[in-house]
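Enquirer: build me a model:
(one chain, ligands or ions: 1)
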Amino acid sequence: MKFLGVSGSLRHASSNTELLRAVALLAPRGLRITLFDGLGGLPHFNPDLDTDPPPPAVRVLRESIAAADGLLISSPEYAHGVPGVLKNALDWLVSSVAIVGKPIGLLNGSPRAVHAQASLVEILRTMSADVVPAAHGSVPLLGRNLDAAGIAADPELAKVVRGALTALVEAVQGRAPTASSTG
Ligand code: FNR
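Expert: Residues are numbered from 1 along each chain as shown. Just a heads-up that it's a prediction; the model follows:
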């Protein structure tokens, strides 16, 4: 099983990016988690640029999501909203099928980020993604300066991350065709 992690923060020392790296450290055997690092390289969304073929950076985004069994987004909140870079990436996905039906877990490094989290749910559901409520998790990382190893080593934080991860794995497994359903 392959999950793609997408951080809504471009900050070098982003707590949300470290949280996704911690997910990779905590992932059970057989689950591969890669981080998408192309958010900052996407052009500003413009329907006039949404051509066939699309701009190369957009193609990479769509192919990376299409190839993943599930998506884990961890994002900060900016001014009670979704960071522009993340919304920009999501806008590039509207005209493709890459995210349709894709199981998605939502993490963030701040339990205060309720507006952005609610907004992300609304946006993703509008795009027909499969937002998995049990795969949501907020962890208090603000001001703690923890890296991925530090997050993974903290029993309370690791419990939240593992819970979200397990729920997303179960959602993906629930969607997989069984031997009997495929005949
Ligand atoms: C913020 N932050 C923030 N936090 C919040 O709970 N509600 C908000 O509206 C905002 N607004 C906001 C605007 C701007 C411009 C910045 C720079 C920050 C705080 C921010 O979400 C928090 O520091 C995140 O934890 C940063 O995430 P990364 O970059 O560490 O992943």
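Enquirer: in this protein, which helix is the longest?
Expert: Secondary structure of the chain per DSSP state H: the longest helix is helix 155-175.
Enquirer: in it, what counts as buried?
Expert: 157-158, 160-162, 164-165, 167-169, 171-172 (16 or more other Cβ atoms under 10 Å). Every residue, glycine included, has its C-beta placed from N, CA and C.
Enquirer: and it, how far out from the chain middle?
Expert: 13 Å (Cα atoms, centre = their mean, to the nearest Å).
Enquirer: against the ligand, how distant is the nearest residue to L19 once chain neighbours are set aside?
Expert: Once flanking residues are discounted, L19 sits nearest to S74: 4.9 Å by Cβ to Cβ, 6 or more residues apart in numbering. Applying Cβ to the nearest ligand atom, to the nearest Å, the value for S74 to the ligand is 7 Å.
Enquirer: I figured S74 hits F3, correct?
Expert: No. Checked against Cβ atoms under 8 Å, the pair S74 and F3 is beyond contact range at 11.9 Å.
Enquirer: looking at the two, which is more packed in?
Expert: Remark: of S74 and F3, S74 carries more neighbours, 32 against 25, as counted by other Cβ atoms under 10 Å.
Enquirer: state the phi and psi torsions of the more buried one.
Expert: The phi and psi torsions at S74 (degrees, to the nearest 10) take the values phi -130, psi 120.
Enquirer: which pLDDT value goes with it?
Expert: We have a pLDDT of 98 for S74.
Enquirer: stretch 36-54 close to the ligand?
Expert: No. Taking Cβ under 6 Å from any ligand atom as the criterion, stretch 36-54 and the ligand are apart, separated by no less than 12.1 Å.
Enquirer: hey, what's S7 bridged with?
Expert: For S7, the beta-bridge partners under DSSP bridges are S74.
Enquirer: show me where the protein has helices.
Expert: Using DSSP H, helices in the chain cover 15-26, 56-67, 84-93, 114-126, 148-153, 155-175.
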